[in-house]
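Engineer: Could you work out the structure for the sequence below:
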Amino acid sequence: YTNNDIRFVTRLKKNARTRVVERFKSDSDNVISDDLVQFTGFYALQDYPHKIRKICYRDSETGKILVFLTNELKLDAQTVADIYKARWEIELFFKTVKQNLKIKRFFGNSQNAVWTQIWIAMI
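Structural biologist: Presented below is the predicted three-dimensional model:
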């Protein structure tokens, strides 16, 4: 992704091992830490040899601590957390649509194609 200038935000697996390369400061009360890290596990390091940003975040609504990984270094940590939260809302929406409307997959990628398929499934 990084080599192709594609940005991502994802959750860190519990068993992933990293080492801190650099620490960043955050103005957000919800951000516990914001670090540049590198994977230390043999296979993880082979799959992703680049340095990556690791953000520990406390969700103010649930109190849960979430750990995100991203290759986006320019945005502040709170914005990265907001992006993940918005992404998760979209995932839940599509899960609900697929379960309730019995849509296995979408046949088109455009907004019009998706809406047409949803309307047809509702009829």
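
Engineer: list the helices and strands the helix or strand hosting Glu22 packs on?
Structural biologist: Assigned by DSSP states H and E, Glu22 falls within strand 18-24. For strand 18-24, the packing partners by 3 or more Cβ pairs under 8 Å, 6 or more residues apart in numbering; DSSP states H and E come out as strand 31-39. Any C-beta I mention is one placed from the backbone N, CA and C, and that applies to glycine too.

Engineer: got the angle between the strand it packs on and strand 18-24?
Structural biologist: Using axes from the mean of the first three to the mean of the last three Cα atoms, to 10 degrees, the direction of strand 31-39 lies 130 degrees away from that of strand 18-24.

Engineer: And for strand 31-39, what's in contact with it?
Structural biologist: 16-26, 45, 48, 50-58, 65, 73, 77-78, 81 (Cβ atoms under 8 Å, 6 or more residues apart in numbering).
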